[in-house]
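In: I would like to see how this sequence folds:
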Amino acid sequence: MKRLTQYAQGGGCACKIPAGELEQVLAGLGLEPPADAAGELLVGLETGDDAAVVRIDGDRAVISTADFFTPVVDDPYDWGRIAAANALSDVYAMGGTPLVALNLLCWPVEALPYELAREVLRGGADVAREARCHLAGGHSVTDVEPKYGMAVTGLADPARLLRNSAGRPGLPLSLTKPLGLGVLNNRHKATGEVFPEAIRTMVTLNEAASRAALEAGAECATDVTGFGLLGHLYKLARASGVTAVIDAAAVPLLEGAREAVKDGYVPGGSRRNLAWVADHTQTIGVPEEDLLLLADAQTSGGLLIAGEIPGAPVIGELIPQGPLPLLIRG
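Out: Numbering: from 1, shown residues only. Prediction:
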């Protein structure tokens with residue numbers, strides 16, 4: 001079977017444009033709201049949240065997001081499932097329910113057979129069905145690299161949104177999936193070794209975690225994807241005006257993740273994440289390999305919740321704003 005990961009320079013969410021460079025691109029755009037818009041924009045570009053949210057009436061808001069990436073695993077069906085779960089996660093991270101999704105497919109038609117593309121789409125369809133989300137068409141183009149994902153529309157109660165700007169001092173930080181997906185996927189790309197636990201983690205929907213956060217009264221959350229735990233936490237702390245404290249020893253890791261770092265399978269995206277937050281972070285007794293794992297570019301990672309929910313380890317807390325947004329203790 002053709003190895004899909006060999007047709008892409010990057011892999012999964014590690015192929016994102018670096019966060020710092022993306023912010024420079026977006027800076028100064030000065031997007032003005034349209035006159036007489038059909039709804040009220042509640043969440044836009046300002047805080048770099050997981051999705052856009054528009055209130056359409058008193059108790060209903062529409063969530064809109066899009067996410068796609070190059071192959072993170074070689075199995076086309078698993079790649080489709082992972083990409084779909086990742087795209088749906090943005091809706092869950094805002095406290096919403098997915099309503100309808102559209103496929104986004106880029107395909108090297110001269111290099112890879114359409115049978116593989118069909119398997120990718122089948123994987124995405126199965127996850128959308130699991131999420132009880134309509135899948136209604138989409139868009140496809142030819143490309144030199146295969147890419148797949150979804151544009152997703154969801155619904156939410158505007159009074160019960162999860163935002164990255166709603167963190168408050170005194171709240172614990174909970175993480176619903178272990179880290180290490182980036183380094184394990186990079187090892188898979190280099191060696192062909194398959195990591196079933198990593199695949200199970202990536203195809204798991206964040207629906208239950210989102211529901212638990214709302215039931216616990218949480219108001220602040222984000223999902224942990226391409227910018228790593230530290231990158232997404234930095235955005236949360238900055239948007240909320242707090243300092244986030246992480247206990248590195250409390251952060252759960254996938255089996256084999258630490259060994260993958262020691263063996264050199266660190267994606268370039270993970271190193272860029274760490275470089276981006278370095279000037280905004282104070283570390284106390286944390287070795288570099290732990291910092292790389294905390295910055296590891298995740299694909300379809302878990303939710304980072306300002307609050308405590310059943311079954312999710314508490315990995316730190318939010319405290320009043322200090323000299324730097326991030327404090328990491330070994």
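In: now the strands for the stretch 1-150 of the chain?
Out: Under the criterion DSSP state E, counting those that start in this stretch, the stretch 1-150 of the chain contains strands at 40-43, 52-57, 60-69, 97-107, 134-142, 147-156.
In: for those strands, which one ends up most surrounded?
Out: strand 147-156 (a mean of 23; mean count of other Cβ atoms under 10 Å). Where C-beta positions appear, they are placed from N, C-alpha and C, glycine not excepted.
In: other SSEs contacting that strand?
Out: Secondary-structure packing of strand 147-156 (3 or more Cβ pairs under 8 Å, 6 or more residues apart in numbering; DSSP states H and E): strand 60-69, helix 76-93, strand 97-107, helix 114-130.
In: list the contacts for the nearest residue to V144 once chain neighbours are set aside?
Out: Once flanking residues are discounted, V144 sits nearest to P108: 5.7 Å by Cβ to Cβ, 6 or more residues apart in numbering. Shown in contact with P108 (Cβ atoms under 8 Å, 6 or more residues apart in numbering): 7, 142-146.
In: tell me the two of those that are most distant?
Out: Y7 and T142 (13.2 Å; Cβ to Cβ).
In: circling back to that earlier point, just the buried subset of the contacts of P108, written out for ChimeraX, thanks.
Out: Buried subset of the contacts of P108, written as a ChimeraX selection, criterion 16 or more other Cβ atoms under 10 Å:
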select :7,145,146
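In: For the contacts of P108, give me TSV that also has distance to V245.
Out: Supplementary listing: those in TSV, determined by distance: Cβ to Cβ, whole Å:
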residue	distance to V245
Y7	41
T142	48
D143	43
V144	44
E145	39
P146	40
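In: what's the distance between V73 and E119?
Out: 12 Å (Cβ to Cβ, to the nearest Å).
In: Comparing these two, which shows the higher neighbour count?
Out: V73 (25 against 17; other Cβ atoms under 10 Å).
In: Just give the closest residue to the more buried one, not the sequence neighbours.
Out: Nearest non-adjacent residue to V73 (Cβ to Cβ, 6+ apart): W79, at 5.4 Å.
In: quick one: contacts for that neighbour?
Out: W79 neighbours (Cβ under 8 Å, 6+ apart): 4, 71-73, 120, 123, 148.
In: Which of the residues you listed sits closest to N185?
Out: The closest of the contacts of W79 to N185 turns out to be V72 (Cβ to Cβ; 5.0 Å).
In: I figured the closest one hits A85, correct?
Out: No. Judged on Cβ atoms under 8 Å, V72 makes no contact with A85 at a distance of 11.3 Å.
In: Secondary structure class of the residue nearest the centre of the chain, three-state.
Out: Most central in the chain under Cα atoms, centre = their mean is T225, positioned 2.7 Å from the mean C-alpha point. Per DSSP: H, G, I helix; E, B strand; the rest coil, the secondary structure class of T225 is coil.
In: Have a look at V72 and A85 and say which one is more surrounded.
Out: Between V72 and A85, V72 has the larger neighbour count (other Cβ under 10 Å), namely 31 against 26.
In: Let me know the distance separating that one from A297.
Out: Going from V72 to A297 by Cβ to Cβ gives 10 Å.
In: What of D75?
Out: 20 Å.
In: And these two? Which one has more around it.
Out: It is A297, of D75 and A297, that has more neighbours when counted by other Cβ under 10 Å, with 31 against 20.
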